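In: 3D model of this:
(2 chains)
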Protein chains: 2
Amino acid sequence: MTDVAQPAQAQPEAPLSPTDRSTIRRGRVRARTARAELHEILDAGLICHLGLTTDSGPLVLPTCYGRDGDTLYLHGSTGAASLRSLAGGAPACVTVTHLDGIVYARSVFHHSANYRSAVIQGVAVPVLDDADRRHALRVVTEQLAPGSWDGGARLPTEREMAATLVLALDLGEASVKVRTGPPGDDEEDVAADEHWAGVLPLNQTWGHPEPCPLLPAGTPIPERVSGR
Amino acid sequence: MTDVAQPAQAQPEAPLSPTDRSTIRRGRVRARTARAELHEILDAGLICHLGLTTDSGPLVLPTCYGRDGDTLYLHGSTGAASLRSLAGGAPACVTVTHLDGIVYARSVFHHSANYRSAVIQGVAVPVLDDADRRHALRVVTEQLAPGSWDGGARLPTEREMAATLVLALDLGEASVKVRTGPPGDDEEDVAADEHWAGVLPLNQTWGHPEPCPLLPAGTPIPERVSGR
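Out: Here you go, the predicted structure:
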């Protein structure tokens, strides 16, 4: 993460990264090609960063998503110009990143971060069939709040469905990059032994649920929330 | 976060969001215009998502950054095509997002996330002067690993400096969006009282430092790491 990753060059045999633009060139040692790893990274995430090109340049927006098989679902208001642009065929890039730790090297130059990231490029297609749309929204909801769709909350009305745009992005064109482990210092810096080196791990943890003030007093917190 | 944010419409009096493309239209209630809030969000972050437009479409990459005043610094290898493209004048978008919690609403439709995000659009210019480059790298290093530049690690050699591209992005054109607080359910759903609602906070916490296996046994962990 000390430098910016960059896709290039075809690896036709790889189960992941099958095209020129989705093959990682820089930091090759950290590139992964297993589809299971892509799925794992996506499933462990809560938000993605959605990139698109607008008339005034690139735009990167945080948003929710969900994965089912090799499809990533996005959703949003039918009024959102960014989603409408994607629905019209504008290419998209979806990136999910987990920051796992800060890598303190003996040299500033080799400072880095331990992370897992997935970058998906493609054209997201609108999901139009009502049953498919409900399935997609279930997938997105369950990624964000497991249990909410299946009994935990009121399902969407026809009107709410009409106000929602649902897009499907194929995971065919994806690249995965992972850095783990200690710093990769130069031998001379290790031998000099002048500075501490190591990794400071970073964790995401759930806090205590905060019930809505409008709930009747004593309403129990469901296990799908408290046990997360 | 249930829908995708979208910039538009000028607010000429705002201290932030001064241009058409950086003014938030959707979710207006969550848009913030204080520059201090932009700085706070950037200073609290460890990585950003850098968006650019390539020949094959938009690309979003996680990378490190640092802020000094109203300048955001990026760096990377001189071999990274993405950075070279930006250095050549390609427009950039840098987004920093903090996910603070999951908003469980009584309806699936009002499920959301509590978050703070900053979106900066502009053209990043290469930093060329050697002293300026060192200053920029100090800022980026201190954002990732406070204390590393000032005594905690070996500073860059001439060769390492030559291998590093440094870019500066002005924070003039930025938008900030923040969601806090309980779910915004419809009155009928609140009255029906059929589902739990509230927020499950999400925290980032540091783990125990993991010393590099190549360190001599008994090397103490510096306070800048253990006390973070």
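
In: what about A:Leu214, neighbour count?
Out: A:Leu214 sits with 16 neighbouring residues when counted by other CB atoms under 10 Å in any protein chain shown. Backbone N, C-alpha and C define where each C-beta goes, glycine included.

In: contact partners for it?
Out: For A:Leu214, the contacting residues are B:Pro182, B:Asp185, B:Val190, B:Ala197, taking CB atoms under 8 Å, 6 or more residues apart in numbering or on different chains as the criterion.

In: doesn't it lie inside a strand?
Out: No: inclusion of A:Leu214 in a strand is not indicated when DSSP: H, G, I helix; E, B strand; the rest coil is applied; the result is coil.

In: check what pLDDT it gets.
Out: A:Leu214 carries a pLDDT score of 97 in this model.

In: give me phi/psi at it?
Out: The phi and psi values for A:Leu214, taken as degrees, to the nearest 10, are phi -90, psi 0.

In: poorly predicted segments of chain A, please.
Out: Low-confidence segments of chain A (pLDDT under 70): A:1-29.

In: quick one: the helices in it?
Out: Remark: helices assigned in chain A by DSSP state H are A:35-43, A:81-87, A:130-144, A:158-162, A:187-192, A:223-226.

In: deepest in the core, which of those helices is it.
Out: Neighbour counts (mean count of other CB atoms under 10 Å in any protein chain shown) averaged over each of the helices of chain A peak at helix A:81-87, with a mean of 21.

In: got a list of what the residue nearest the centre of chain A touches?
Out: Taking CA atoms, centre = their mean, the centroid of chain A lies closest to A:Val96, which sits 2.2 Å from it. Going by CB under 8 Å, 6+ apart, A:Val96 touches A:Ile41, A:Leu42, A:Gly45, A:Ile47, A:Cys48, A:His49, A:Tyr65, A:Ser117, A:Ala118.

In: now A:Leu155
Out: Applying CB under 8 Å, 6+ apart as the definition, the contact partners of A:Leu155 turn out to be A:Arg134, A:Trp149, B:Ser107, B:Val108.

In: I figured the second one hits A:Val140, correct?
Out: No: with contact taken as CB atoms under 8 Å, A:Trp149 and A:Val140 are classed as non-touching, separated by 9.1 Å.

In: show me the contacts for the residue of chain A most remote from its centre.
Out: Of all residues in chain A, A:Ala192 sits farthest from the chain's C-alpha centroid, using CA atoms, centre = their mean; the distance is 39.8 Å. The contact partners of A:Ala192, taken as CB under 8 Å, 6+ apart, are A:Arg106, B:Arg154.

In: of all the contacts of A:Leu214, which two lie farthest apart?
Out: With CB to CB as the measure, no two of these lie farther apart than B:Pro182 and B:Val190, at 10.5 Å.

In: coming back round to it: greatest separation within the contacts of A:Leu155: which pair is it?
Out: Taking CB to CB, the two most distant members of the contacts of A:Leu155 are A:Arg134 and B:Ser107; they sit 14.1 Å apart.

In: direction included, what does the strand ranked longest in chain A pair up with?
Out: Among the elements of type strand in chain A, defined by DSSP state E, the one spanning the most residues is strand A:92-104. Each strand pairing with strand A:92-104, determined using DSSP bridges, is listed with its direction: strand A:48-54 (antiparallel), strand A:112-122 (antiparallel), strand A:198-206 (antiparallel).

In: now the last one, how far from the centre of its chain.
Out: Read it as strand A:198-206. 18 Å (CA atoms, centre = their mean, to the nearest Å).

In: go on, the second one?
Out: In this view, strand A:112-122 has its centroid 8 Å away from the chain centroid, taken as CA atoms, centre = their mean.

In: okay, the angle between that strand and helix A:35-43?
Out: Regarding strand A:112-122 and helix A:35-43, their directions subtend 100 degrees when assessed with axes from the mean of the first three to the mean of the last three CA atoms, to 10 degrees.

In: with just CA atoms, put strand A:112-122 into PDB.
Out: Output in PDB follows, covering the C-alpha atoms of strand A:112-122 (Å, rounded to 0.1, in the frame of the first residue of the first chain):
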ATOM      1  CA  SER A 112       3.200  -0.200   4.400                       C
ATOM      2  CA  ALA A 113      -0.100  -1.600   5.400                       C
ATOM      3  CA  ASN A 114      -1.400  -5.100   5.700                       C
ATOM      4  CA  TYR A 115      -4.700  -5.300   3.800                       C
ATOM      5  CA  ARG A 116      -7.000  -7.300   1.600                       C
ATOM      6  CA  SER A 117      -8.600  -5.700  -1.400                       C
ATOM      7  CA  ALA A 118     -10.800  -6.700  -4.300                       C
ATOM      8  CA  VAL A 119     -11.200  -4.500  -7.400                       C
ATOM      9  CA  ILE A 120     -14.000  -5.300  -9.800                       C
ATOM     10  CA  GLN A 121     -14.400  -3.600 -13.200                       C
ATOM     11  CA  GLY A 122     -17.300  -4.000 -15.500                       C
END
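
In: burial count for A:Gly69?
Out: Neighbours around A:Gly69, by other CB under 10 Å: 9.

In: how near is it to A:Val140?
Out: Relative to A:Val140, A:Gly69 is positioned 14 Å away (CB to CB, to the nearest Å).

In: how far away is A:Arg106 from B:Ala162?
Out: In this view, A:Arg106 and B:Ala162 are 20 Å apart by CB to CB.

In: residues in contact with the residue nearest to A:Pro91 when sequence neighbours are not counted?
Out: With CB to CB, 6 or more residues apart in numbering or on different chains as the measure, B:Gly57 is the residue that lies nearest to A:Pro91, at 3.4 Å, once sequence neighbours are left out. Counting by CB under 8 Å, 6+ apart, B:Gly57 touches A:Arg21, A:Thr53, A:Pro91, A:Ala92, A:Cys93, A:Gln121.

In: so can I have a markdown table of the residues you listed showing neighbour count and distance to A:Asp129?
Out: A markdown table is the format used below for the contacts of B:Gly57 (neighbours: other CB atoms under 10 Å in any protein chain shown; distance: CB to CB, whole Å):
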| residue | neighbour count | distance to A:Asp129 |
| --- | --- | --- |
| A:Arg21 | 20 | 30 |
| A:Thr53 | 22 | 28 |
| A:Pro91 | 18 | 24 |
| A:Ala92 | 24 | 21 |
| A:Cys93 | 31 | 26 |
| A:Gln121 | 25 | 25 |
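
In: what's the most distant pair in those?
Out: Maximum pairwise distance among the contacts of B:Gly57 (CB to CB): 14.1 Å, between A:Arg21 and A:Thr53.

In: measure stretch A:136-156 end to end?
Out: Taking CA to CA, to the nearest Å, stretch A:136-156 runs 12 Å from one end to the other.

In: for A:Pro211, list the residues it contacts.
Out: The contact partners of A:Pro211, by CB under 8 Å, 6+ apart, come to A:Thr219, A:Ile221, B:Trp196, B:Ala197, B:Gly198.
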